[in-house]
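> Got a predicted structure here, sequence first:
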Amino acid sequence: MSPVALRAAGALALVGPVVMRRYDARRHRQLTLNLVPDVLRAVSLQVGSAEPTRWVAQRAVISSTQVAVIMLGPAGKDPVAVLKIPSTPDGAASQRREAGALTGLAEETSVGDFARLLPFRLAEGQIDGSPYTVERALPGRSVSPASTDPAELLRVAMDAATAVGLLHHRTAHTTLVDAPLLRTWIDDRLRVVEPATRRHHELARLRARLRSAWAGRTLSVGWVHGDFWPGNVLADPATGATTGIVDWEWAGPRELPHHDIVYACLHRRMQTQHTELGDTVASLLNGAQWDADELALQQAAGMGAQPRVDPDVLLLVWLRQIAYNLIQGPAMAHNIIWTRRNVDSVLRAT
């Protein structure tokens with residue numbers, strides 16, 4: 001094969017998958033739009049009202065997990081519901097996890113008026129072999145860290161930290177870190193991470209370190225969002241006040257509140273420094289400290305804030321996030337660059 005042909009083949013190998021994903025996304029978007037009338041009739045039956053049959057599809061996007069997200073509502077008015085239809089088994093599993101989390105939160109009477117920020121489900125089912133869910137639409141607009149003024153982004157993040165701190169406070173209870181909790185927090189998540197590294201000795205050492213650090217402690221735990229960063233926050237464009245929090249797939253009870261606020265600080269640092277999660281965590285383990293804005297976020301959430309990073313808290317937050325990333329995208333375990341920057345970098349630093 002000539003050099004020109006080789007270069008063309010290499011370019012095709014890189015561009016081909018991207019083109020196919022875009023084609024699949026457009027195709028799934030159109031197929032989903034075609035299902036909207038049938039879905040609305042089914043929703044009308046589930047909620048016992050003819051109102052949903054008068055809704056229209058206002059706009060539609062395909063998420064990074066290949067889920068079609070369609071805003072629904074009366075023509076010319078604000079959306080009142082969100083239709084989600086996954087195109088892959090992984091997307092369907094993601095929807096089931098979120099449904100379970102929101103059901104659990106709905107049963108928490110202590111949540112109180114925090115419930116106004118939750119995208120509770122209106123209906124769910126299957127249409128033409130495709131699972132679907134319909135959630136209530138929340139007011140406000142989504143926040144894009146890449147295109148939002150840093151001062152405005154901090155203002156939104158501070159208000160959101162106060163809001164999620166309310167969730168932590170209202171669902172908090174004191175518990176002993178016993179054997180079942182150690183399995184959930186450490187052992188089960190390390191088993192998910194294990195295929196993503198060859199550093200099994202360091203992984204075993206990390207397991208021993210974390211079990212020793214947390215076993216037998218009495219702590220305040222509660223519900224966490226699990227993927228708390230500005231992209232999952234809806235805000236009032238005029239005031240920056242939080243109007244909703246979305247994507248509850250990784251929410252769960254009996255967790256440290258640090259999982260939300262420390263991850264929000266990590267994500268902020270990742271955005272500003274253009275680094276991966278593992279690299280960011282490794283730098284903090286190697287002596288970096290929280291900056292003033294990160295300390296302010298922690299204080300807004302009602303957490304005690306010290307410039308020095310607690311390494312054992314940091315490692316628990318990293319472990320939960322990386323494990324859930326690998327559950328959502330198992331193929332990342334075989335991506336050498338991703339594992340080097342997100343798993344091996346942390347194991348080297350511990």
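Right, received. Where do you want to start?

> Going by C-alpha atoms from here, please, whenever you check contacts or count neighbours.
Will do.

> hang on, isn't L206 packed against V346?
No. The criterion here is CA atoms under 8 Å, and L206 misses it with V346 at 9.9 Å.

> For the two, indicate the residue with more neighbours.
Taking neighbours as other CA atoms under 10 Å, L206 and V346 compare with V346 leading, 25 against 19.

> State the helix or strand in which that one lies.
Counting by DSSP states H and E, the element that carries V346 is helix 345-349.

> Need the residues that contact that helix.
R199, E202, L203, L206, G278, D279, V281, A282, L285, N286 (CA atoms under 8 Å, 6 or more residues apart in numbering).

> average pLDDT across it?
In this model, helix 345-349 has a mean pLDDT of 97.

> With just CA atoms, put that helix into CSV.
The C-alpha coordinates for helix 345-349 follow below in CSV (Å, rounded to 0.1, in the frame of the first residue of the first chain):
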residue,chain,number,x,y,z
SER,A,345,-1.4,7.7,38.7
VAL,A,346,-3.4,7.4,42.0
LEU,A,347,-2.0,4.0,42.9
ARG,A,348,1.6,5.4,42.4
ALA,A,349,0.8,8.3,44.7
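
> So A123 lies in a strand, does it not?
Yes. A123: assigned to a strand according to DSSP: H, G, I helix; E, B strand; the rest coil.

> for it, what are its contacts?
So A123 contacts V43, Q46, V47, T133, V134, E135 (CA under 8 Å, 6+ apart).

> re the thing from before, can you list the buried residues in the helix holding V346?
S345, V346, L347 (16 or more other CA atoms under 10 Å).

> Name the nearest of those relative to E294.
V346 (20.6 Å; CA to CA).

> Tell me, how many residues neighbour L266?
Other residues close to L266 by other CA under 10 Å number 24.

> Helix, strand, or coil at the residue most central in space within the chain?
Nearest to the geometric centre of the chain sits D227, at 3.3 Å (CA atoms, centre = their mean). With three-state DSSP as the basis, D227 sits in coil.

> Is it in contact with I261, as I believe?
No. Assessed by CA under 8 Å, D227 is found out of contact with I261, at 9.7 Å.

> all strands of the stretch 1-150 of the chain, in order?
Remark: strands assigned in the stretch 1-150 of the chain by DSSP state E, counting those that start in this stretch are 56-62, 67-73, 81-86, 121-127, 130-136, 141-142.

> For this structure, give me the ranges with low pLDDT.
1-24 (pLDDT under 70).

> how near is the residue nearest to the centre of the chain to R207?
Using CA to CA, to the nearest Å, D227 is found at 23 Å from R207.

> what residues does the host helix or strand of L315 touch?
Counting by DSSP H and E, the element that carries L315 is helix 311-328. Contact with helix 311-328 is made by 90, 94, 185-186, 189-190, 192-193, 210, 213, 226-227, 250, 258-259, 262-263, 277-278, 281, 285, 332-333, 342-343, as judged by CA under 8 Å, 6+ apart.
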